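**Q** next one to model:
(one chain, ligands or ions: 1)
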Amino acid sequence: MQQILDDIAAQMALETDRGKVADYIPQLAHIDPNQFGIAVATPDGQMYTAGDASTLFSIQSISKIFTLTIGLGKLGDGLWTHVGREPSGDPFNSIVMLEHETGRPRNPFINAGAIAVVDAIMMGHEPREVLGEILQFVHFITDDESIRFDHKVAASEMEHKDRNASLAHFMKSFGRLKHDVDKVLGTYFHQCSIAMNCQQLASAGLYLVSNGVDKHSGVRVINEHRARRINSLMMLCGHYDGSGEFAYRVGLPGKSGVGGGILTIAPGKGSIAVWSPGLDHIGNSKLGLKALELFVEKTGWSVFSD
Ligand SMILES: NC(=O)CC[C@H](N)C(=O)O
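**A** Prediction:
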């Protein structure tokens with residue numbers, strides 16, 4: 001495994017077409033695109049890394065896996081009255097379907113859906129309390145209390161909130177959001193601003209590798225059928241309108257973020273985190289996708305092969 005990761009990192013270092021760093025969040029625009037990291041965590045407690053696997057980056061939409069898990073834990077299947085579970089085929093920040101579907105977002109991984117999930121888990125509480133709960137959850141699944149929000153990134157998103165604010169107000173106009181829009185957005189932007197490195201992220205994914213149980217601690221994080229369903233949603237919706245391409249090229253549940261990270265789950269085998277800040281035209285990490293495609297070719301880790 002170590003050799004495989006070293007080979008991938010060496011190959012990625014030679015790539016010249018690295019995509020474009022997200023600049024609609026100004027705080028992310030200055031990040032050096034010449035970085036690449038990969039980490040693999042396995043249920044037996046091993047961690048393999050290569051490249052910039054210990055450099056912190058903004059996990060952005062990868063955090064939507066964690067709020068979905070929390071939402072399912074709190075509301076059970078009641079969560080599905082707030083958000084659907086169908087792929088959208090549209091960009092992550094699209095508003096078009098909301099009008100036809102009475103303000104109920106297609107799935108929890110597009111921005112509108114993640115905002116609806118945040119509103120659902122707030123349950124009358126203040127952003128600070130909800131954020132405390134989200135961070136505590138991340139500390140719990142990583143067993144790492146050093147993980148923090150990046151307040152500068154969150155503030156930068158709040159300053160340029162127009163698109164997400166439009167989504168939120170539009171949903172509220174259909175009576176879909178219960179809380180004050182700015183409070184929901186503030187919570188959502190902070191959740192997206194969590195800074196983690198590939199090692200921490202790979203370790204965070206382990207509960208989805210082992211049917212909802214964190215094998216490190218032996219603690220059950222979520223029940224088995226919910227873990228399976230989160231993986232299904234990641235496979236179908238985790239890369240927005242690039243989900244089909246990701247399934248075709250990688251064949252594993254994965255969730256990307258505009259910080260350039262991708263968390264990928266190989267059920268029963270391991271959790272793979274990759275990071276390279278340059279994005280493709282859809283907003284998914286360009287080298288991240290390439291590296292995962294290589295990884296799956298070399299390891300045979302795919303839900304479509306045994
Ligand atoms: N795809 C993403 O990672 C998008 C998340 C980002 N915080 C946004 O709302 O635009």
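**Q** please enumerate the helices of this protein.
**A** 2-13, 63-75, 96-100, 111-122, 127-142, 151-159, 162-173, 181-192, 198-204, 206-209, 224-237, 243-249, 286-299 (DSSP state H).
**Q** helices and strands around the first one, which ones?
**A** I take that to be helix 2-13. Packing contacts for helix 2-13, counted by 3 or more C-beta pairs under 8 Å, 6 or more residues apart in numbering; DSSP states H and E, involve strand 37-41, strand 47-51, helix 286-299. Heads up, the C-betas are built off the backbone N, CA and C, glycines and all.
**Q** check the fourth one too.
**A** Of the remaining helices and strands, those touching helix 111-122 by 3+ C-beta pairs under 8 Å, 6+ apart are helix 63-75, helix 127-142, helix 162-173, helix 181-192.
**Q** from the ligand, how far out is D180?
**A** Per C-beta to the nearest ligand atom, to the nearest Å, D180 is found 18 Å from the ligand.
**Q** now do the same end-to-end measure for stretch 269-287.
**A** Terminal residues of stretch 269-287 are spaced 22 Å apart (C-alpha to C-alpha, to the nearest Å).
**Q** any residue of that stretch touching the ligand?
**A** Yes - against the ligand, stretch 269-287 shows contacts by C-beta under 6 Å from any ligand atom at G283.
**Q** show me what contacts S210?
**A** 43, 268 (C-beta atoms under 8 Å, 6 or more residues apart in numbering).
**Q** now do it against the ligand, distance only.
**A** From S210 across to the ligand, the span is 26 Å (C-beta to the nearest ligand atom).
**Q** and F174, by the same measure?
**A** In this view, F174 and the ligand are 20 Å apart by C-beta to the nearest ligand atom.
**Q** which ones are touching the closest residue to that residue other than its chain neighbours?
**A** Counting by C-beta to C-beta, 6 or more residues apart in numbering, F174 lies nearest to G103, which is 2.8 Å off, once chain neighbours are set aside. Counting by C-beta under 8 Å, 6+ apart, G103 makes contact with 170-176.
**Q** list the buried residues in stretch 266-285.
**A** Neighbour counts over stretch 266-285 (16 or more other C-beta atoms under 10 Å) mark 266-267, 269-280, 282-285 as buried.
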